[in-house]
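Trainee: I'll drop the sequence and a predicted model, then ask my questions.
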Amino acid sequence: MIEVERLTLGYGNTVVLENLDFTVARGDVFAVLGGSGSGKSTLLRALIGLEEPLRGTIRIAGAPPRREGPPGNGVLFQSGALFGSMTLAENVALALAKWTKLDRDAIDTIVRSKLRLVGLEGFENHLPAEISGGMKKRAGIARALALDPSLLFLDEPSAGLDPVTSAELDDLIATLNVSLGMTTVVVTHELRSIFAIVRHCIMLDGRARGIVARGEPAALRDGSADPAVRAFFNPRARAA
Amino acid sequence: MTDTHDPGFRVERVDLQDGRAELRFGGQLRFRQCFASWQSVRRLARPPAAHLAFDLSGVDTLDGAATALLLELRDEVVAAGGDAEIVGAHGGVRAMLDLYGSHPPRSSLHPPPTRIGVLDQIGRETLTMLSESHGLDFIGDVALAGANAVRVPSSINWGDVPRLMERAGADSLPIVLVINFLVGLVTAFQAAVQLKQFGANIFVADLVGLSVTRELAPLMTAIIVAGRSGAAFSAELGTMRVSEEIDALRTLGLDPYGFLVFPRIITLVLVLPLLTILADVIGIAGGLLVAMLGLDITANAYLIETQKAVRLWDVSSGCLKTVFFGLSIALIACQRGLAARGGAEGVGRATTSAVVTSLFAIVVIDAIFTVLFNVLGR
């Protein structure tokens, strides 16, 4: 589904990540792990077409990330990034109104079904400022799902949420993956979420400016000899 | 030597025979006591000793601020070539010292700022401003989006225009009317004082009519709109930029220029001339009030004189200028907003910059039009 070859990313003369190679299989739940400043968000921005690589290629379903026209992917930003002047329904309806020729009633029906899917039925007319952080994330997912994408990118979906809300969100992501067969790429450093939903992952390290480990999360936790990986999966051991 | 500033805290210096000395602390070393008497403690530590021991065996309580001061004092003694150690700590006091003293000193992540000259500073700021403004990139992007909008008019978010026009136009009407009424009134007052001396009272109508329609109403209205709507546009787009909403728009396949910038340009280009026409009327009304009350000119006479003096060109030239004022205010506000970086402070900077640059642009555009009309004989 995603093929990344010799990818180098940065700003101006500053290289953040270099020579990244990895693939994400169709239907996988794939995580980009790493500490703060390791380049996770930069990589995500490149995958969704918001950053131009310095070198190398990204291919999503055989084509470069789309920068114009109807989006092929859904994206959840860390803050939800809902449009503050629009209701939740209007946020979800935006892409449908732009990229489909559906009439208003049909769009309303789809919007309600998307909000119901993420547990926000009845909140259609609320503004983002009127709902909680977890609900904003859910609404962001509903908006990302508006055009039924085959690929979903999630930037720190659990960040800033309490454990219960975070677990609910993990369940939702796992359900979307299993029920809809949606390929999901998650950028996160929440260990609980990683072990709950992720099947394969890569781990980035800011000092190495690249991938220091790849594989299944449990295998990395139990078998990696890399000190950065061990410290990431066993932070208490490092503190001790 | 002994110091007891606070009943709960005491310290004394004991000089031993072999050149060693002890600072014996007792009671509670807390934040408040430290600030009240720490200078005294430093004085006690000052006389040189072969070995200075900070004896905390009599201390019951040690808080974070006192720990930090104590460790710093020990390090100062060591740095001055002396020998110092903390002894006798127990229980919670020991734990506090371990907690604060376990981290080795780390050099700052940022190097200290180097002193640079004024010219150097001006040069650096100019380069930073040029590299951060991306003004030409923005104009290029707007031009491309404009060409696209001509081909595909639906790429513009027309649905937002009425809402924006209400905010920039209808909502600003009261302040525009009040300011322009007062401007007309003040202009008439100033003129009346001079014209009275020559018995030329009636020409107040000419002066107010021409100055309001050609210069004052367009300028004042543009300044109000720049301070009100320009600042609002910049803050709104800047907030969207720093909260990733602009990125979200792109990922939904929506062009921020068509969705956000063009509706704002269209709004101000349409609203400013309309506001200016109303400002012309109310400015002349301000002059009329002064003429009637201060110069004994009848309303009829004033309006007839205004009609004779003010041509259609005077009104339309003022309105023509405001089209360009509106265009520049919208472009500058949107550019600054979309270039905002770094959270709330960045949004504040963008908004300030948008208003200041817009005011500068308005005055420059006005000067250009004045010269141009003069050259064209209008």
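Mentor: Looks like it came in fine. Residues are numbered from 1 along each chain as shown, chains lettered A, B, ... in the order given.
Trainee: CA only for contacts and neighbour counts going forward, please
Mentor: OK.
Trainee: Scan the helices and strands of chain A for the one with the lowest mean pLDDT.
Mentor: helix A:235-239 (a mean of 59; mean pLDDT, DSSP states H and E).
Trainee: Chain neighbours aside, what residue packs nearest to the residue in chain B that chain A sits nearest to?
Mentor: Chain B approaches chain A most closely through residue B:245 (4.8 Å), counting by CA to the nearest CA. For residue B:245, ignoring the flanking residues on the chain, the nearest one in space by CA to CA, 6 or more residues apart in numbering or on different chains is residue A:81 at 4.8 Å.
Trainee: number of nearby residues for that neighbour?
Mentor: 23 (other CA atoms under 10 Å in any protein chain shown).
Trainee: How about the contacts made by residue B:348?
Mentor: Listed by CA atoms under 8 Å, 6 or more residues apart in numbering or on different chains, the contact partners of residue B:348 are residue B:235.
Trainee: residues from the stretch 151-300 of chain B in reach of chain A?
Mentor: Proximity of the stretch 151-300 of chain B to chain A, by CA under 8 Å from any CA of the partner chain, involves residues B:240, B:243, B:244, B:245, B:247, B:248, B:250, B:251, B:252, B:253, B:254.
Trainee: where does residue 71 land in three-state SS?
Mentor: Let's take chain A. Secondary structure state of residue A:71, per DSSP: H, G, I helix; E, B strand; the rest coil, is coil.
Trainee: Need the per-residue pLDDT for it.
Mentor: According to the prediction, residue A:71 has pLDDT 80.
Trainee: and it, backbone torsions?
Mentor: Here is the backbone geometry of residue A:71 (degrees, to the nearest 10): phi -70, psi 140.
Trainee: Was I right to think the residue nearest to residue B:245 contacts residue A:140?
Mentor: Yes: judged on CA atoms under 8 Å, residue A:81 makes contact with residue A:140 at a distance of 7.2 Å.
Trainee: Which neighbouring elements make contact with the longest helix seen in chain A?
Mentor: Ordering each helix of chain A by length in residues (DSSP state H) puts helix A:163-180 first. With contacts taken as 3 or more CA pairs under 8 Å, 6 or more residues apart in numbering or on different chains; DSSP states H and E, helix A:163-180 sits against helix A:133-144, helix A:191-197.
Trainee: Now do the residue lying closest to residue A:193 once chain neighbours are set aside against residue A:53, distance only.
Mentor: In space, and not counting its chain neighbours, residue A:193 is closest to residue A:170: 6.2 Å by CA to CA, 6+ apart. Distance, residue A:170 to residue A:53, using CA to CA, to the nearest Å: 30 Å.
Trainee: hey, where'd the strands end up in the stretch 51-200 of chain B?
Mentor: Secondary structure of the stretch 51-200 of chain B (DSSP state E, counting those that start in this stretch): strands located at B:51-62, B:84-87.
Trainee: Provide the strand pairings for the longest one, with the direction of each partner.
Mentor: To tie it back to what came earlier, the one meant is strand B:51-62. strand B:20-29 (parallel), strand B:84-87 (parallel) (DSSP bridges).
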